[in-house]
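Peer 1: next comes the sequence, and after it the predicted model I'd like to discuss.
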Amino acid sequence: MIFSYLAILGPLLAAAAVLALRRGAAPLALVGSFAGLAGASLALAHVAGGASRSAELPGLPGLPLRLVADPLGALLSLVVGAVGFLVMVYAVGYMEGEGSGARFYAGMSFFVAAMQALVLAGDWVLLLASWELIGFSSYLLIGFWFWRDGVPSSATRAFLYTRSADLGLYVAIFVLISRTGTSEISATLDVGSPAATVAGLLLLLAAAGKSAQTPLQGWLQDAMAGPTPVSALLHSATLVAAGAILMIRVSPLLPPGVRLAVGLLGALSAVACGLIAVSQRDLKRLLAASTSSQYGLMLLAVGAGSPVAALFHLVAHAAMKSSLFLASGVFQHARGSTAFTDLAGVGRERRLAFLGFVVAGLALAGVPPLSGFFSKDAMIAASFASPYAPVFGPLALAGALMSAVYVARAIRLLWHSTGAGSPVAGSGWMGAGLAALVALAAALGLAEGPIAGLIGQDIPRNLLVAGVGLALALGGLLLGWFVPAGRLLGPARGPAERGFRLGGGFDALAARPALALAGAADRFDRGIHRGVVGVGESALALARAARLADDAGIDRLIAALVRGTRGLGGRARRLQSGLVHRELVLATAGAALILAFLILGAFAP
Amino acid sequence: MAPLYVALLVGAVLFGVGLYGALSQTNLVMIMMGVEVMLGGAMVNLVAFWRFLHPETYSGQMFVLIVMTVMALEMAVGFGVGTGRFRAKGSVEMEEARDLKG
């Protein structure tokens, strides 16, 4: 188990050291990822007999961090470690002369560490945490050149797409934990049918978001804004692979209905993203669409009930796709762009890199004896062996045909020269990383037996299907080589080039309903607000009426009293004229009045 | 001897003349003269009633004597005020004297 710790802690400590020291970033990251690779290989050697080792680290109370090194986890850990190390070797050459080295190497190391934690997690909570961490670190890395136009929005887009699909993972985990009472992954896989169906569909949503499956494929094209080593890592062994890894891992959980949904979604993505890839005018965007398509084929294999075929292809694809990306990084360095118009004929200048690209590309297309032939053939055989063969089989063949077509198209566009560019000195580091990965991409077909033995399941084989697949691959290569994409796709080329965004995509499926929901919530909120304000205003009106009564009634009464008294006083004052005569007249009048009363009184009865 | 009504008539005439004088004159001295005449009319009445109705008692005479004393005092005070006013203002015209206006 100590070696699995090393697989996680090597890159993690390297990231911490790079951030702390701020110098010697490249050697530290190389040492860290090599330690991770070594730890992962030793761990795999220890569990090779089918044994499974687990360890519990103290985490939150009642929620220990559970690491499990079963054969599947250890194999994936080895893939992550190997690709991480080789991409890191390549990045040393690629990033020469770039600033912010510490940020780059710390991000890459952290990314690899988080991915190792994901594949080794034996506990839903730890898996969720590392799932979020790879999303976060991919955001940092895609936005590495954050001062360039459009890069921040691409990074944010990738982050938001994957995050919104992550909601499915959250709810699925809640469902599983509440049904079984434990967060241990292996213990939740035999949960009963209704919970398994719900959780399976939600996990499919999370996997579709991370693996860029059909309705959500748009972000992966934009994620090409990051440095090429980041793209290579992202597409082959980490972020995008996480979705497929999740589905492979939970495949014992899935009931037949969910398997059908997984397979259909994967098949749809394989064909739709294959069309997108054929139509692209940019090398890296073509590779991105091809990644979605390949992961669609893996989901198809999971849906067909053969996760081991998907795993085999995942391992082979990791080597092939990272080689393709690393080669395209070499071309990008040579021409300063990844658009096909700028890259025309670059293959003639950079012959070694081009050779690597061709080998990995032919492997992807499924040409024997390269690895892709075996892995793709296994997936096609699996889909023909499944209960849904009439649906899955033709779609799998169509996906395989697509991959041959776009690979041939990319090779043709890179080879056909329109002018001579100036050769640029290559870097030994880049060549070393690329060469190792290309060798893996070519030779991984030999790993079929060991992988099947490790997982303990047979990889499906069907000679007839293999022959058809090979014929389709060769036919696709010829089509892609001789027929331009415009004539091949006809009127479908425009929508395909835009990534079929009009026909659905994230904006229509999630953004608009979410905005409508937000609008409704806003209106509801405003209603409540109006109600509260109304209550307050009626209280104010009551207070105003009370004040009015106070003013008009009591105050006015008192004021009237005061005014009356004052008027009376004023009138009384006017009597006091000070004139003696007037006093005398008044006295006389008074006396006369008294006299009159007296006389009347005397005569009255 | 003349009958009672003649004496009463004289008294009434005196009172009326005095009242007219007191109200019509503006000089303080003249007003006081009017007041004296009015008091004189009242005294004539008192004496006449005493002489014709109760000649055997002396209370009527006593009453008249007291009134006469009060008249003398009133004269003294009134003329004192008039002298003071004349000294202060140079006139005893009552139309000008509005110092007691409220």
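Peer 2: Noted; the coordinates are in hand. Numbers count the residues shown, from 1 in each chain, chains lettered A, B, ... in the order given.
Peer 1: how many neighbouring residues does residue 93 have?
Peer 2: Just going to use chain A. When counting by other CB atoms under 10 Å in any protein chain shown, one arrives at 22 neighbours for A:Gly93. For every residue, glycine as well, the C-beta is placed using N, CA and C.
Peer 1: actually, chain B is the one I wanted.
Peer 2: Neighbouring residues of B:Glu93 were enumerated by other CB under 10 Å; the total is 12.
Peer 1: which residues of chain B fall in strands?
Peer 2: Assigned by DSSP state E, the strands in chain B number zero.
Peer 1: actually chain A, not the one I wrote
Peer 2: Counting by DSSP E, residue ranges of the strands within chain A are A:53-60, A:63-69.
Peer 1: between these, which one is nearest to chain B?
Peer 2: With CB to the nearest CB as the criterion, chain B lies closest to strand A:53-60 of the strands of chain A, at 94.3 Å.
Peer 1: what residues does the closest one touch?
Peer 2: With contact meaning CB atoms under 8 Å, 6 or more residues apart in numbering or on different chains, strand A:53-60 is reached by A:1, A:4-5, A:46-47, A:64-70, A:122, A:125-126.
Peer 1: got a winner among the residues you listed for most neighbours?
Peer 2: Neighbours here are counted as other CB under 10 Å. On that basis the top member of the contacts of strand A:53-60 is A:Ser4, with 28 neighbours.
Peer 1: A:Ala69 is in contact with that one, correct?
Peer 2: Yes - judged on CB atoms under 8 Å, A:Ser4 makes contact with A:Ala69 at a distance of 4.6 Å.
Peer 1: residue 98: neighbour count?
Peer 2: Looking at chain A here, since you left the chain open. Using other CB under 10 Å, the number of residues around A:Glu98 comes to 12.
Peer 1: that's the wrong chain, I meant chain B
Peer 2: By the criterion of other CB under 10 Å, B:Arg98 has 12 neighbours.
Peer 1: now for it: which residues touch it?
Peer 2: Remark: with contacts taken as CB under 8 Å, 6+ apart, B:Arg98 is in contact with A:Ser577, A:Gly578, A:Leu579.
Peer 1: where exactly do the helices run in chain B?
Peer 2: Here chain B has its helices, by DSSP state H, at B:4-24, B:28-53, B:59-89.
Peer 1: for those helices, which one sits closest to chain A?
Peer 2: Closest approach to chain A among the helices of chain B is made by helix B:4-24 (5.9 Å; CB to the nearest CB).
Peer 1: the residue of the stretch 501-605 of chain A at minimum distance from chain B: neighbour count?
Peer 2: Closest approach of the stretch 501-605 of chain A to chain B (CB to the nearest CB) occurs at A:Gln576, with a separation of 2.8 Å. Here the neighbour count serves as a burial measure; for A:Gln576 (other CB under 10 Å) it reads 13.
Peer 1: and it, its phi and psi?
Peer 2: phi -80, psi 70 (degrees, to the nearest 10).
Peer 1: turn the contacts of B:Arg98 into CSV, columns for neighbour count and pLDDT.
Peer 2: As requested, those are arranged in CSV below (neighbours: other CB atoms under 10 Å in any protein chain shown; pLDDT from 0 to 100):
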residue, neighbour count, pLDDT
A:Ser577, 15, 74
A:Gly578, 13, 72
A:Leu579, 15, 77
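Peer 1: just put the residues you listed in CSV and tack on distance to A:Ala316.
Peer 2: As requested, these are exported to CSV (distance: CB to CB, whole Å):
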residue, distance to A:Ala316
A:Ser577, 126
A:Gly578, 127
A:Leu579, 131
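Peer 1: poorly predicted segments of the chain, please.
Peer 2: In the absence of a named chain, this looks at chain A. Counting by pLDDT under 70, chain A has low-confidence residues at A:1, A:49-50, A:417-427, A:485-512, A:605.
Peer 1: correction: the question concerned chain B.
Peer 2: Judged by pLDDT under 70, chain B has its weakly predicted residues at B:100-102.
Peer 1: quick check, A:Pro460 in contact with A:Ala310.
Peer 2: No - contact status for A:Pro460 versus A:Ala310: not in contact, 11.3 Å apart, counting by CB under 8 Å.
Peer 1: excluding chain neighbours, what is closest to the residue nearest the centre of chain B?
Peer 2: Averaging the C-alpha coordinates of chain B gives a centre point, and the residue nearest to it by CA atoms, centre = their mean is B:Glu36 (2.3 Å). Setting aside the residues directly before and after it, B:Glu36 is nearest to B:Met71 in space (CB to CB, 6 or more residues apart in numbering or on different chains), at 6.6 Å.
Peer 1: relative to B:Leu39, how far out is that neighbour?
Peer 2: Per CB to CB, to the nearest Å, B:Met71 is found 5 Å from B:Leu39.
Peer 1: the more surrounded of those two?
Peer 2: Here B:Met71 and B:Leu39 are compared on neighbour count by other CB under 10 Å; more neighbours surround B:Leu39, at 18 against 15.
Peer 1: so the more buried one is in contact with B:Val67, correct?
Peer 2: Yes - using CB under 8 Å, B:Leu39 makes contact with B:Val67 at a distance of 6.6 Å.
Peer 1: tell me the domain ranges of chain A?
Peer 2: A:1-167+A:213-250, A:255-501, A:512-576 (automatic domain parsing).
Peer 1: export stretch A:597-605 as CSV, just CAs?
Peer 2: Once side chains and other backbone atoms are set aside, the C-alpha atoms of stretch A:597-605 remain, and they are given as CSV (Å, rounded to 0.1, in the frame of the first residue of the first chain):
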residue,chain,number,x,y,z
PHE,A,597,-81.7,96.4,37.4
LEU,A,598,-82.3,97.9,40.9
ILE,A,599,-85.3,99.9,39.7
LEU,A,600,-86.7,96.9,37.8
GLY,A,601,-86.1,94.7,40.8
ALA,A,602,-88.0,97.1,43.0
PHE,A,603,-91.0,97.2,40.7
ALA,A,604,-91.0,93.5,39.9
PRO,A,605,-93.3,91.2,42.0
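Peer 1: since that was my last question, I'll sign off now.
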